[in-house]
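[1] here are the coordinates; sequence isn't available:
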């Protein structure tokens, strides 16, 4: 009996142990069910996201403006965007799927393009990099080729093995057309500037020339005063023209600074003397403050620094009607830059106008400032010149109170021994036996040039156009031809080329261009067209003398007795 009880107790203990084990297993099963459910949910979420990503990717590729193509390792089409199907007039991808790019491209591109593509694909595989090529392709075969920038790359699988190639065609046609239009517009602007320059300089040449001639005649004091006004006004107009031409050169990137050592104090004194007279005429106080620590000699473009300071002071002169203008120059101790400031009590600048201040052809309050003359280029040129010098120009202004322009520019110091001392050239010679042909279609220009040549004892023959000049050159042995550029019937360029075509001595006959076209590149253009030299209008007496000395036979040059 006792043994039965013991066996029962053992069975009860075993049952309890098995129940506990069964309970634990149930817990594990329940947990596994949760994990399985979670995994299933995660897979569903991943699948949904993958489906969404694939959908977005498909939308992206379907609507991509660029042509994208995928090829397998044998160069067969594996995918392409709708852009290519549309451009090539292919109804659906199935028609080209699995076919080689050579087979498809041969329909609208020549062998040269296909070879270029094949070589580029080989290069991507060999060097494992993106290769770019440019090509003109007519996908639609309608006679309207497009300009493409093509990027090619090799594709590799997870093991790094080659699995195909990718080609992206980016259409540059509109961009290149816009660039061509911009270049055409820029060329048209240059042509316009050349024409305007010529048309303005032509009468200006006559005005300045006649004024110089009359200045040396017997004029009374009143007439001399009138003549000074004519000369001052003429030079102001010439300055405006030069502003336009300078701006054109800067825009074209053909403007170069000429850096030499110069005396800074002499420059400042010249500017001070010039504007003292101008401000006095307007009853404005002009105060100059130049620091004692300023270097005597510096390295820079003296002419352009003078132009910058003149522009800033002219700006204050135009827009200040009462009060004073303070012009100061000092050495910036920390940077060793030269600091110039022009402060005035003028009309000031509105806050909303400040962003346009240094833009070309801008002038504010045009009604209020209708008496202020100028092209609106002064400050634009100033800023460009300062930037070329790697300096800075800033302005602080309060409308109705005044403005202060601050210029900072680095000018390395030098000594007096660094300055090149060039004695002014004085030309004293005559060439009465020189045979010169003077060609110009405007009588007054001929008169001015003849008067200038008379100073060298020269009496030139004259012609009114290139055709007349060509006939005269054929019938007389000239030592030099001074040829105007723009003339009716036959211009100077055509006439010069026809003279050269006569051969023999005419190939070396000195022909110097007389032109009011002073835009950037004009001189090199004339030299390339067969001219020997270039004289800009208004004609400079020293430049004319130098040209005569250079091109006339030495035996004709005689020492002047005056």
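    Thanks, I have it. Computed from a predicted model, the values in this text were never measured in an experiment. Numbering: from 1, shown residues only.

[2] part of a strand, is residue 168?
    Yes - counting by DSSP: H, G, I helix; E, B strand; the rest coil, residue 168 is found in a strand.

[3] residues touching it, list them.
    66, 67, 68, 69, 150, 151, 152 (Cβ atoms under 8 Å, 6 or more residues apart in numbering). Where C-beta positions appear, they are placed from N, C-alpha and C, glycine not excepted.

[4] do that again at 10 Å, thanks
    64, 66-69, 81, 130, 132, 148-153 (Cβ atoms under 10 Å, 6 or more residues apart in numbering).

[5] Also residue 325?
    275, 278-279, 282, 284-288, 312-313, 315-317, 342-346, 402.

[6] Please repeat the previous calculation with a cut-off of 6 Å.
    The contact partners of residue 325, taken as Cβ atoms under 6 Å, 6 or more residues apart in numbering, are 286, 316, 344.

[7] Just the ones of the residues you listed in helices?
    residue 316 (DSSP state H).

[8] Out of the contacts of residue 325, which comes closest to residue 454?
    Ranked by distance to residue 454 (Cβ to Cβ), the contacts of residue 325 are led by residue 286 at 42.5 Å.

[9] List the buried residues of the helix or strand that contains residue 79.
    For residue 79, the enclosing helix or strand under DSSP states H and E is strand 77-80. Neighbour counts over strand 77-80 (16 or more other Cβ atoms under 10 Å) mark 77, 78, 80 as buried.

[10] which other helices and strands contact it?
    Secondary-structure packing of strand 77-80 (3 or more Cβ pairs under 6 Å, 6 or more residues apart in numbering; DSSP states H and E): strand 67-71.

[11] Just checking: what are the partner strands of the strand it packs on?
    strand 77-80 (antiparallel), strand 162-171 (antiparallel) (DSSP bridges).

[12] any chance of those strands in CSV, plus mean pLDDT and distance to residue 540?
    Formatted as CSV, those follow (pLDDT from 0 to 100; distance: least, Cβ to Cβ, whole Å):
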stretch, mean pLDDT, distance to residue 540
strand 77-80, 85, 67
strand 162-171, 86, 53
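
[13] Let me know which of these is the nearest to residue 514.
    Per Cβ to Cβ, nearest to residue 514 of these: strand 162-171, 49.3 Å.

[14] Next secondary structure element downstream of the closest one?
    Remark: after strand 162-171, the chain's next helix or strand is helix 173-215, criterion DSSP H and E.

[15] State the three-state secondary structure for residue 406.
    Under three-state DSSP, the three-state class of residue 406 is strand.

[16] what pairs with it across the strands?
    With DSSP bridges as the rule, residue 406 is bridged to residue 341, residue 394.

[17] Residue 392 is in contact with that one, correct?
    No - the pair residue 406 / residue 392 is not scored as a contact, 8.2 Å apart, by Cβ atoms under 6 Å.

[18] Which one's more surrounded, those two?
    Between residue 406 and residue 392, counted using other Cβ atoms under 10 Å, the more crowded position is residue 406 (16 against 13).

[19] closest to residue 412 among the contacts of residue 168?
    When these are compared against residue 412 (criterion: Cβ to Cβ), the nearest one is residue 132, at 43.5 Å.

[20] so the residue nearest to the closest one when sequence neighbours are not counted, which of the three states?
    If the residues on either side of it in the chain are set aside, residue 132 comes closest to residue 151, at 5.4 Å by Cβ to Cβ, 6 or more residues apart in numbering. The assignment at residue 151 comes out as strand when based on three-state DSSP.

[21] Confirm for me that residue 151 is in contact with residue 134.
    No - the pair residue 151 / residue 134 is not scored as a contact, 10.7 Å apart, by Cβ under 6 Å.

[22] So the two - more neighbours on which side?
    For residue 151 versus residue 134, neighbours defined as other Cβ under 10 Å are more numerous around residue 151 (18 against 10).

[23] Could you pull up the residues touching that one?
    130, 132, 168.

[24] what do you get if the cut-off is 10 Å, keeping everything else the same?
    Contacts for residue 151 (Cβ under 10 Å, 6+ apart) come out as 66, 68, 120, 124, 130-133, 166-170.

[25] Tell me the spacing between residue 275 and residue 209.
    28 Å (Cβ to Cβ, to the nearest Å).

[26] Quick one: residues in contact with the helix or strand residue 86 falls within.
    Taking DSSP H and E as the definition, one finds residue 86 inside helix 82-87. Helix 82-87 has contacts (Cβ under 10 Å, 6+ apart) with 61-69, 77, 81, 90-93, 95-96, 104, 108, 137-140, 146, 167, 169, 171.

[27] which one among the contacts of residue 325 gets closest to residue 184?
    Out of these, the member with the shortest distance to residue 184 (by Cβ to Cβ) is residue 316, at 39.7 Å.

[28] List the contacts of residue 534.
    Neighbours of residue 534 in contact, by Cβ under 10 Å, 6+ apart: 485, 512-515, 517-518, 522-527, 543, 547.

[29] Show me those that map onto helices.
    522, 523, 524, 525, 526, 527, 543, 547.

[30] Buried subset of those residues, written for ChimeraX?
    In ChimeraX, a selection of the buried entries from the ones in helices among the contacts of residue 534 looks like this (16+ other Cβ under 10 Å):
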select :522,523,525,526,547
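
[31] My read is that residue 420 contacts residue 258, right?
    No - using Cβ atoms under 10 Å, residue 420 is not in contact with residue 258, being 11.6 Å away.

[32] how many other residues sit next to residue 497?
    Neighbours of residue 497 (other Cβ under 10 Å): 13.

[33] nope, residue 491 is what I meant
    Residue 491 - counted by other Cβ under 10 Å - has 17 other residues nearby.

[34] Now it: closest residue in space, sequence neighbours ignored.
    residue 466 (5.7 Å).

[35] again with residue 155
    residue 164 (4.6 Å).

[36] can you check residue 344 too?
    That would be residue 316: by Cβ to Cβ, 6+ apart, it lies 3.9 Å from residue 344.

[37] which residues sit in contact with that neighbour?
    Residue 316 neighbours (Cβ under 10 Å, 6+ apart): 275, 279, 284, 286, 324-327, 342-346, 402-405.

[38] Buried ones only from these, please, as a ChimeraX command.
    In ChimeraX, selecting the buried portion of these, with burial taken from 16+ other Cβ under 10 Å, looks like this:
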select :275,279,284,286,325,326,327,342,343,344,345,346,402,403,404,405
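
[39] Please narrow the contacts of residue 316 to those residing in strands.
    Per DSSP state E, strands hold the following members of the contacts of residue 316: 286, 324, 325, 326, 327, 342, 343, 344, 402, 403, 404, 405.

[40] Export the residues you listed as JSON lines, with columns for pLDDT and distance to residue 12.
    Below are those laid out as JSON lines (pLDDT from 0 to 100; distance: Cβ to Cβ, whole Å):
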{"residue": "286", "pLDDT": "93", "distance to residue 12": "122"}
{"residue": "324", "pLDDT": "93", "distance to residue 12": "119"}
{"residue": "325", "pLDDT": "94", "distance to residue 12": "117"}
{"residue": "326", "pLDDT": "94", "distance to residue 12": "115"}
{"residue": "327", "pLDDT": "95", "distance to residue 12": "116"}
{"residue": "342", "pLDDT": "94", "distance to residue 12": "112"}
{"residue": "343", "pLDDT": "95", "distance to residue 12": "111"}
{"residue": "344", "pLDDT": "94", "distance to residue 12": "114"}
{"residue": "402", "pLDDT": "91", "distance to residue 12": "111"}
{"residue": "403", "pLDDT": "92", "distance to residue 12": "108"}
{"residue": "404", "pLDDT": "93", "distance to residue 12": "107"}
{"residue": "405", "pLDDT": "93", "distance to residue 12": "108"}
